[in-house]
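> sequence and predicted model, in that order:
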Amino acid sequence: MSKDPAPEREPDALLDVDDEATRDEPALAPEPSPEDFGEPGPPLNRGPFLIGFFGGLGFFIAWWLGEQIVSIGSVLVLIVVSMFLAAGLNPGVEFFERRGMRRSYAVLTVILLVLAALALFLVAFVPVISDQIKSITDNAPGWLDSLQKNQKVQDLDKQYDVIDKIKAYIAKGDFASNIFGGVLGVGLAVLGVLANAFVVIVLTLYFLSSLDKTKHALYGLAPASRRDRVTKLGDRIIKGVGGYVSGAFIVATCAGVTSLIFLFIVGLSQYAVALAFVVALLDVIPMIGATIGAVIVTAIGFAEDPKIGIACIIFYVIYQQLENYLIYPRVMSRSVDVPGAVTVIAALVGAALLGVVGALLAIPTAAAILMLTREVFVRRQDKH
């Protein structure tokens, strides 16, 4: 029984085929090993010169970045105001979301309601306010004539000719032109205000529509072990800002409506709408806004009739006590919890830094800092 001989050199044939298949391919260079680049040298000697050089370089970079931030300060203010308004409108968006509306439609609904309210105000109240301001300007010379009957005013007028100068200044009717540097300055100021308002509206829309994504992106920068706590603290701050904006609007509305009713009763009906609007607008400014509005109304009341001026003083003294100790604490109790002394300090610092915008942002910022201090620093200190 014979065995079939195995085919010879089959493996060699296969190798020949592989060699022929790969013969035309270029040979790959071997990967360089670490020792091919030489041994790493010792670390640089961190002497005084090197430390001073990099320290000075860091200082100049920080100084340059600070100058760039200062140069775009006005833009940063618009961004901060837009974020503030977006946080203030967010409770309204969440209100519609809780009723089953998608966020995009809820944002659109809130924006349309705000624009409708502004349009209604422009159509209904702006003409009345304009007419009443014109009436105040026309009657101002007569009020100054009545002041001349006062003996102290007469003595001052004899020395400095104050009354005639004020009357001549008012009769010209060019307050705005003198303040803003002529007609061109007024036009540029109006254009600037409109441009800033447009930018704020557009940015507010963007921030409001993408608020959830922006929050999650910022919270994602925190370590995973602390992300849940950072999320809760951030949501609480945003909720506090929204509550503060809503509360400030409610408090200002109460001040405006109450002043409107009082002015109709006391006999200043021809200026009631304009003065009530001024009071409501100024009441939004913490600490000093309500007082400024009261002083304006009281001055016009004294110009009309001293009895009306006295009634204005009594009314606003009583109302401000009610607002400070009853209305404001009840409205703001769920949004911000700031002691009175901190409120005063925050408002003064905010006004010194950013003017009216800083005063508006001061209280919610102080509330956020206090909350973070209690929840982070104080709790950490309590563990030691």
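Right, received. Where do you want to start? Nothing here was measured: the structure is a model prediction, and the numbers come from that model.
> mind telling me what element P329 is part of?
helix 328-332 (DSSP states H and E).
> oh, that last question was meant for A86, not what I typed.
helix 73-97.
> run a quick neighbour tally on S71.
9 (other CB atoms under 10 Å). The way it works is simple: take the backbone N, C-alpha and C, and place the C-beta from them, glycine included.
> gap between it and G58?
Using CB to CB, to the nearest Å, S71 is found at 20 Å from G58.
> how about V93, nearest residue that isn't a chain neighbour?
With CB to CB, 6 or more residues apart in numbering as the criterion, V93 has its nearest non-adjacent residue at 4.6 Å, and that residue is A106.
> equivalent analysis for Y316, please.
Nearest to Y316 is A294, by CB to CB, 6+ apart, at 3.7 Å.
> name the helices or strands packed onto the top helix by length along the chain?
Looking across the chain with DSSP state H, the single longest helix is helix 227-266. Here helix 227-266 touches helix 73-97, helix 211-219, helix 272-283, helix 289-304, helix 306-322, helix 328-332, helix 340-372, going by 3 or more CB pairs under 8 Å, 6 or more residues apart in numbering; DSSP states H and E.
> give the buried residues for the third one.
Right, the one you point to is helix 272-283. Buried residues in helix 272-283, counted by 16 or more other CB atoms under 10 Å: 272-280, 282-283.
> pLDDT on that helix, on average?
Averaging pLDDT along helix 272-283 yields 84.
> sorry, back to before: between the buried residues of helix 272-283, which sits nearest V230?
Nearest to V230, judged by CB to CB, of the buried residues of helix 272-283 is D283 at 35.0 Å.
> leaving out sequence neighbours, find the closest residue to I345.
The shortest distance from I345 to any non-neighbouring residue, by CB to CB, 6+ apart, is to A366 (7.9 Å).
> just the buried residues of stretch 371-384, please?
M371.
> can you get me the centre-to-centre distance for it and its chain?
Mean C-alpha position of stretch 371-384 versus that of the full chain (CA atoms, centre = their mean, to the nearest Å) differs by 27 Å.
> just stretch 58-66 next, same as before
27 Å.
> same check, this time on stretch 52-64
32 Å.
> on that earlier part again, give me the residues contacting the helix holding A86.
By CB atoms under 8 Å, 6 or more residues apart in numbering, the residues outside helix 73-97 that reach it are 69, 103, 105-107, 109-110, 113-114, 196, 199-200, 203-204, 206-208, 211, 238-239, 241-246, 354, 357, 360-361, 364.
> please redo it, this time with the cut-off set to 6 Å
103, 106-107, 109-110, 199-200, 203-204, 207-208, 211, 238, 241-242, 245, 357 (CB atoms under 6 Å, 6 or more residues apart in numbering).
> before we move on, back to that, so the residue nearest to V93 is in which element?
Going by DSSP H and E, A106 is part of helix 103-124.
> where's the closest residue to F207 other than its chain neighbours relative to I201, distance?
Among residues not flanking F207 along the chain, A86 sits closest, at 3.7 Å (CB to CB, 6+ apart). Distance, A86 to I201, using CB to CB: 11 Å.
> per-residue pLDDT of the most centrally placed residue in the chain, please?
Residue closest to the mean C-alpha point of the chain, counted by CA atoms, centre = their mean, is V81 at 2.6 Å. You'll see V81 listed with a pLDDT of 85.
> what of A117?
78.
> neighbours of it, how many?
A117 - counted by other CB under 10 Å - has 10 other residues nearby.
> quick one: contacts for it?
With contact set as CB under 6 Å, 6+ apart, A117 has no partners.
> how near is it to V199?
Taking CB to CB, one finds A117 at 21 Å from V199.
> do I51 as well
45 Å.
> between these two, point out the one with more neighbours.
The residue with more neighbours, out of I51 and V199, is V199; 15 against 10, by other CB under 10 Å.
> how far away is that one from F121?
For V199, the distance to F121 - CB to CB - is 21 Å.
> now swap in L89 and tell me
Distance of L89 to F121, given as CB to CB: 17 Å.
> how about I288?
From I288 to F121 the distance is 24 Å (CB to CB).
> cool, I238 as well?
For I238 relative to F121 (CB to CB), the value is 27 Å.
> show me which of the two is the more surrounded one.
Of the pair I238 and F121, I238 is the one with more neighbours under other CB under 10 Å, namely 20 against 12.
> list the contacts for the more buried one?
Neighbours of I238 in contact, by CB under 6 Å, 6+ apart: A87.
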